[in-house]
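>>> Predicted model and sequence below, questions to follow.
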Amino acid sequence: MTSHTLNELIAEGVRGRYILVRSDLNVPLDGSTVTDDGRIKASLPVIEKLSDAGARVLVTAHLGRPKGAPEPKYSLKPAVARFSELAPFKVKLAEDTVGDSAKELAGSLEDGDVLVLENVRFDARETSKDDAERGAFADELVALTGGNGAFVDDAFGAVHRKHASVYDVATRLPSYQGDLVHTEVEVLRKLTTDTQRPYVVVLGGSKVSDKLAVIDNLLGKADTILVGGGMLFTFLAASGHKVAGSLLEADQIPVVQDYLKRASDAGTAFVIPTDVVVASRFAADAEHEVVAADAIEDSSFGAAGIGLDIGPISAAAFAEQIKAAKTVFWNGPMGVFEFEAFSGGTRAIAQALTESSAFTVVGGGDSAAAVRTLGFEDSQFGHISTGGGASLEYLEGKDLPGLSVLDR
Ligand SMILES: Nc1ncnc2c1ncn2[C@@H]1O[C@H](COP(=O)(O)OP(=O)(O)O)[C@@H](O)[C@H]1O
Ligand SMILES: O=C(OP(=O)(O)O)[C@H](O)COP(=O)(O)O
């Protein structure tokens, strides 16, 4: 199955037509400052191509996980401000997604203009499990394109989401694959069809249940899974250890126990940290100490302690595995890298990737932000993917709704 490409759409002619583009502008923010603009830079080429070709571009995007209603802290304003600085054309932001502001501004677009609609997740229908609800929202998005529109999906980071702006609009408009999605899929396709072993997967971050779900299909595919970040505490708890106030998804403990049981038969080894950096509270200047991973509650902070990074012994052990690998996929920071005191594990893993002769892929908004803010260059890695969950789901061989809906 193949998808139609952006170049095909441009060859068909877009001047004067409304082209709906789904981008992933879900960037990390510090207040209203974008701390890593990688996803904005990655989204720019497709929008620029369409603008140059005379399209009237309507961009949809999400930021964070608002609860289906407008919340100022999840506004796309900072992302669009940064977009405007980077783009050679003016970018407007509507005050709503499909309301009066969106309709009025869309109606006033001229050829080559770009309008970003406010966070699609401000409308609960975007992420609804109910097909009719999502469909109704998609209809309203599509209505903004007049009668002759088209859809370009360029939001690789969201292709694993069956959401209205990713999936349902593509069932309603002639649809095309954006260049970013195309490039990302090509790299991951190579990784899955020609995997050099040992194949090491490094998992961390805070979207614990999302990422635990992908491990099921990685058992037997990956030789080794290194477990860090927020999910390590669910692994420790599954082995009977107390984790004090650390991030724990208690309902996932049986899932992890099942993985641990099946791992050796499947030929996959889990490596769980043996030491952890425990803090007195979740803050950049919190007191902290390194303790054994099976004795987190014995730290000076007792049951109030929070594990915010893997310890140095574990980081060194992970680095050894990475250096001996031929393929490494990494998603999810090892700790709260945003705070210097808890960035050591993430830095050590990034460093090991740069020193490994393996083909290395770093995936995920925060993982990409982490390597950049810790001073590494994109060119030191085989590929930096804009999608963490999306690339993991691709690697486990799942059908990704945002990709399959584009297949003809
Ligand atoms: N031990 C931990 N406790 C709480 N949060 C953590 C921990 N380790 C990492 N994190 C957080 O995980 C976040 C990134 O997670 P996630 O969104 O899953 O990664 P990505 O965007 O790369 O897919 C970071 O903001 C980081 O602070
Ligand atoms: O940040 C994203 O994914 P990632 O953290 O897996 O890289 C994407 O923008 C998708 O966001 P979502 O996981 O809230 O659907």
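Looks like it came in fine. Ligands and ions are numbered 1, 2, ... in the order given.

>>> The stretch 301-408 of the chain: strands as residue ranges?
306-310, 327-331, 359-363, 383-385 (DSSP state E, counting those that start in this stretch).

>>> Among these, which comes closest to residue 52?
Residue 52 lies closest to strand 383-385 among the strands of the stretch 301-408 of the chain, at 25.7 Å (CB to CB). Using the backbone N, CA and C atoms, a C-beta is placed for each residue, glycine as well.

>>> Buried ones in the closest one, by neighbour count?
Neighbour counts over strand 383-385 (16 or more other CB atoms under 10 Å) mark 383, 384, 385 as buried.

>>> strands paired with it, and their directions?
When pairing is defined by DSSP bridges, strand 383-385 lines up against strand 359-363 (parallel).

>>> Can you list the neighbours in contact with the partner strand?
Strand 359-363 has contacts (CB atoms under 8 Å, 6 or more residues apart in numbering) with 187-188, 191, 196, 326-331, 350, 353-354, 368, 371, 381-388, 390-392.

>>> quick one: is it near ligand 2?
No. Against ligand 2, strand 359-363 shows no contacts by CB under 6 Å from any ligand atom, the least distance being 6.7 Å.

>>> Quick one: distance of that strand to the chain centre.
13 Å (CA atoms, centre = their mean, to the nearest Å).

>>> rewinding a little: which of the buried residues of strand 383-385 sits closest to ligand 2?
residue 385 (8.2 Å; CB to the nearest ligand atom).

>>> what pLDDT does that closest one get?
What the model reports as pLDDT for residue 385 is 97.

>>> my read: it touches residue 191, true?
No. The criterion here is CB atoms under 8 Å, and residue 385 misses it with residue 191 at 10.0 Å.

>>> Okay, residue 384 and residue 131: tell me how far apart.
35 Å (CB to CB, to the nearest Å).

>>> can you check residue 298 too?
For residue 298 relative to residue 131 (CB to CB), the value is 51 Å.

>>> residues contacting the residue of the stretch 101-250 of the chain found nearest ligand 2?
Nearest residue of the stretch 101-250 of the chain to ligand 2 (CB to the nearest ligand atom) works out as residue 157 at 3.7 Å. If you count contacts by CB under 8 Å, 6+ apart, residue 157 has them with 24, 26, 39, 365, 386, 387, 388, 389, 390.

>>> Could you tell me the phi and psi values at it?
Residue 157 has phi and psi values of phi -60, psi -10 when expressed as degrees, to the nearest 10.

>>> okay, it: pLDDT?
pLDDT, residue 157: 98.

>>> Check residue 1 too.
Looking at residue 1, its pLDDT is 63.

>>> Grab the nearest non-local neighbour of residue 403.
Nearest residue to residue 403, sequence neighbours excluded (CB to CB, 6 or more residues apart in numbering): residue 159, at 5.2 Å.

>>> and if you look at residue 109?
In space, residue 109 comes closest to residue 56 once its chain neighbours are excluded; the distance is 4.1 Å by CB to CB, 6+ apart.

>>> I'd like the distance from that neighbour to residue 80, if you could.
Distance from residue 56 to residue 80, by CB to CB: 17 Å.

>>> what does residue 131 give?
Distance from residue 131 to residue 80, by CB to CB: 30 Å.

>>> more crowded one of the two?
The neighbour count for residue 131 versus residue 80, taken as other CB atoms under 10 Å, is higher for residue 80 (24 against 13).

>>> OK, contacts around that one?
Per CB under 8 Å, 6+ apart, neighbours of residue 80: 25, 91, 93, 116.

>>> my read: the residue nearest to residue 403 touches residue 166, true?
Yes. Using CB under 8 Å, residue 159 is in contact with residue 166, at 6.7 Å.

>>> Find the residues that touch each one of these two.
Joint contacts of residue 159 and residue 166 (CB under 8 Å, 6+ apart) are 153, 401, 402.

>>> Any residues of the protein in contact with ligand 1? List them.
With the criterion set to CB under 6 Å from any ligand atom, the chain comes near ligand 1 through 204-207, 229-230, 247, 307-308, 331-333, 335-336, 338, 364-367, 388.

>>> Return only those of those residues found close to ligand 2.
207, 364, 365, 366, 388.

>>> ok, the third one - contacts?
With contact taken as CB under 8 Å, 6+ apart, residue 365 is in contact with 24, 26, 27, 28, 36, 38, 39, 157, 386, 388.

>>> what's around residue 45, how many residues?
Residue 45 has 15 nearby residues by other CB under 10 Å.

>>> residues contacting it?
Residue 45 neighbours (CB under 8 Å, 6+ apart): 179, 180.

>>> now the closest residue to residue 111 other than its chain neighbours, what's its secondary structure?
Excluding its sequence neighbours, the residue lying closest to residue 111 (CB to CB, 6+ apart) is residue 54, at 4.3 Å. Following DSSP: H, G, I helix; E, B strand; the rest coil, we place residue 54 in the coil state.

>>> and the residue nearest to residue 403, how many neighbours?
30.

>>> Now narrow the contacts of residue 80 to whatever sits close to ligand 2.
For ligand 2, no contacts are drawn from these by CB under 6 Å from any ligand atom.

>>> Right, I'll call it a day here.
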